[in-house]
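Colleague: Dropping the sequence and predicted coords here.
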Amino acid sequence: MLARHVTLLALGLGLTAPGALAVTPAKAPDIPFEKYTLANGLEVILHRDASLPLVAVSLWYHVGPVNEPKGRSGFAHLFEHLMFTGSKNVGPRFDTLLESAGATNVNGTTSWDRTNYFETVPREHLELCLWLESDRMGFFLDALGADRLEVQRGVVKNERRQSYEDAPYGPSTLALLDTLFPDGHPYHGAVIGSMSDLDAAKLSDAESFFREYYAPSNATLTLAGDFDPTKIKGLVQRYFGSLANKPKPKRAAIATPPLSQVLRKEVVEPVELAKVSMGWLAPPAYSKDAAALEVTAALLAGGKATRLYRELVVKKKVASEVEADVDANALATTFSVSAVAASGKPPEALETAVDDALRQLAAKGPEAAELRRAKRRLVLALMSDVQLLNGRDGESGRAGLLQRFNHYLGDPGQLGRWHASLEAVTREDVKRVVEEHLDLSRRAIVTTRPKPGGKKP
């Protein structure tokens with residue numbers, strides 16, 4: 001804990017005790033980088049940091065459910081699993097070779113707009129890592145067979161059961177997504193895909209999907225850590241430069257229909273406590289109100305000093321838990337608020353209390369102290385990210401931040417501007433985005449009611 005306190009003070013995040021001297025505002029973060037593109041279209045981002053003998057490797061394929069055709073939901077996430085099962089020259093030894101080299105944080109994740117793979121390796125084993133990643137980019141289909149597809153299909157279906165069908169409030173989570181986005185929209189359903197589409201997936205479908213989207217021209221490789229840039233450029237060219245030059249996949253223009261009314265859905269689940277979840281659609285990632293929406297979510301929930309916790313849990317005692325979340329993506333941003341009822345409290349009381357809190361926020365704006373806390377919380381999280389080479393979700397840490405800004409804005413160097421936009425959010429900005437984007441007459445509301453007999457055994 002001592003090291004963390006020292007770090008916070010060094011970052012200057014305004015964490016002062018009564019009577020203490022004010023700490024200077026946080027310095028705008030910066031991640032120096034070099035970006036270039038190979039002849040086959042692979043984007044490469046290099047960030048050198050020689051403070052530790054490690055290198056974070058982050059490879060983003062710009063493919064997710066946003067690219068999946070109707071009837072093929074879940075393909076991007078299915079490939080997240082399949083890509084760890086082996087490629088032509090590596091075979092099924094991907095994890096074994098990395099672990100024997102001392103690699104950590106070896107993983108992959110899928111979101112609506114991208115799939116990523118990442119690991120952190122000792123600098124002397126970076127070449128091994130580049131070979132492994134290039135082999136599954138260029139020669140994965142040589143090792144893919146119906147048996148591997150069937151095994152991973154089963155793994156993904158079981159993951160879906162554990163995350164949604166059999167998880168408390170999981171069916172309600174799916175219901176909110178289905179209500180926010182109409183059938184046929186890429187964000188309808190879940191990133192993991194539907195059971196019926198997973199069951200229908202054929203080997204030929206998987207092969208076609210890979211050929212279209214898993215190519216150098218649709219990927220970005222980011223390296224962050226201790227390496228010699230000149231040497232690494234040669235190695236990147238050696239392992240990735242010879243891969244086939246395929247055309248960059250075309251992206252269809254997809255509109256997200258705005259909500260024009262309140263859409264309600266009720267779900268009965270084997271849980272003990274009722275829950276109310278609300279969702280709104282807002283402009284895509286990094287639009288002009290993105291920072292204000294993040295600050296609004298942070299001041300609504302996420303700690304005992306936040307507005308919804310104070311109002312619903314402490315003051316009115318109608319809720320036991322409250323959450324607010326922003327999920328910013330290429331086609332739309334979803335802003336959600338949810339509250340789990342206190343024992344014996346009906347969901348109607350939750351909805352009324354949340355509505356009252358949002359109306360008050362739109363009318364009067366946040367208090368100066370809560371606005372300051374929310375902004376500092378977000379800045380602290382951002383600064384914590386900058387201290388890491390690689391995060392656990394592939395979107396955090398310096399490698400992940402460079403990738404995310406590059407993916408959504410086409411420029412890895414937008415960290416300072418994003419930091420400044422968070423710091424610049426005002427009381428009037430919060431009032432405005434609540435009124436414009438969190439309109440109580442245009443949202444989805446999912447009410448979870450306990451099934452008679454209580455929760456599952």
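Modeller: Perfect, thanks for sending it.

Colleague: Quick check, central residue of the chain?
Modeller: Ser111 (6.1 Å; CA atoms, centre = their mean).

Colleague: ok, that one touching Tyr187?
Modeller: No. Using CB atoms under 8 Å, Ser111 is not in contact with Tyr187; the gap is 10.5 Å. Placement of C-beta: from N, CA and C, glycine included.

Colleague: Can you check which residues contact both of those two?
Modeller: Asn329 (CB atoms under 8 Å, 6 or more residues apart in numbering).

Colleague: Tell me where the protein has strands.
Modeller: 34-37, 43-48, 54-61, 104-110, 115-122, 219-225, 262-269, 275-282, 319-328, 333-341, 443-450 (DSSP state E).

Colleague: so which of these comes closest to Ser194?
Modeller: strand 104-110 (14.8 Å; CB to CB).

Colleague: Enumerate the positions of that closest one that are buried.
Modeller: For strand 104-110, a neighbour-count test (16 or more other CB atoms under 10 Å) marks 105-106, 108-110 as buried.

Colleague: which phi and psi does Pro366 have?
Modeller: The phi/psi pair for Pro366 (degrees, to the nearest 10) reads phi -80, psi 160.

Colleague: just to revisit the earlier point, rebuild the strands of the chain as TSV, extending it with distance to Val236 and mean pLDDT.
Modeller: Output for those, formatted as TSV (distance: least, CB to CB, whole Å; pLDDT from 0 to 100):
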stretch	distance to Val236	mean pLDDT
strand 34-37	9	98
strand 43-48	6	98
strand 54-61	11	98
strand 104-110	20	96
strand 115-122	15	97
strand 219-225	7	98
strand 262-269	48	98
strand 275-282	38	98
strand 319-328	30	98
strand 333-341	34	98
strand 443-450	45	98
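
Colleague: out of those strands, nearest to Pro171?
Modeller: Minimum separation from Pro171 across those (CB to CB) falls at strand 262-269, 5.4 Å.

Colleague: tell me which residues of that closest one are tucked away?
Modeller: By neighbour count on 16+ other CB under 10 Å, the buried set for strand 262-269 is 263, 267, 269.

Colleague: Between those, which sits nearest Val276?
Modeller: Val267 (10.9 Å).

Colleague: So that closest one sits against Ser172, correct?
Modeller: Yes. With contacts counted by CB under 8 Å, Val267 reaches Ser172, the gap being 4.7 Å.

Colleague: shared neighbours of these two, which are they?
Modeller: Common neighbours of Val267 and Ser172, using CB under 8 Å, 6+ apart, are 446, 448.

Colleague: Tally up the residues packed near Ser134, please.
Modeller: Neighbour count of Ser134, defined by other CB atoms under 10 Å: 25.

Colleague: if you skip the residues just before and after it, what's nearest to it?
Modeller: Tyr239 (3.9 Å; CB to CB, 6 or more residues apart in numbering).

Colleague: show me what contacts that neighbour?
Modeller: 130-131, 133-134.

Colleague: change it to 10 Å
Modeller: Going by CB atoms under 10 Å, 6 or more residues apart in numbering, Tyr239 touches 127, 129-135, 137-138, 221.

Colleague: are any of these buried, and which?
Modeller: 129-135, 137-138, 221.

Colleague: of all those, which comes closest to Leu46?
Modeller: So of the buried ones among the contacts of Tyr239, ranked by how close each gets to Leu46 (CB to CB), first place is Leu221, at 9.2 Å.

Colleague: distance between the ends of stretch 155-173?
Modeller: Using CA to CA, to the nearest Å, one end of stretch 155-173 lies 21 Å from the other.

Colleague: which other residues reach it?
Modeller: With CB under 10 Å, 6+ apart, stretch 155-173 has contacts from 74, 77-78, 80-82, 174-176, 190-195, 198-199, 201, 265-273, 275-277, 336, 338, 340, 446-449, 455-456.

Colleague: Just the buried residues of these.
Modeller: By neighbour count, with 16+ other CB under 10 Å, those hold 74, 77-78, 80-82, 174-176, 190-195, 198, 201, 267, 269, 271, 273, 275-277, 336, 338, 340, 446-449 as buried.

Colleague: So Arg264 is in contact with Ile445, correct?
Modeller: Yes. Contact criterion CB atoms under 10 Å: Arg264 and Ile445 qualify, at 5.1 Å.
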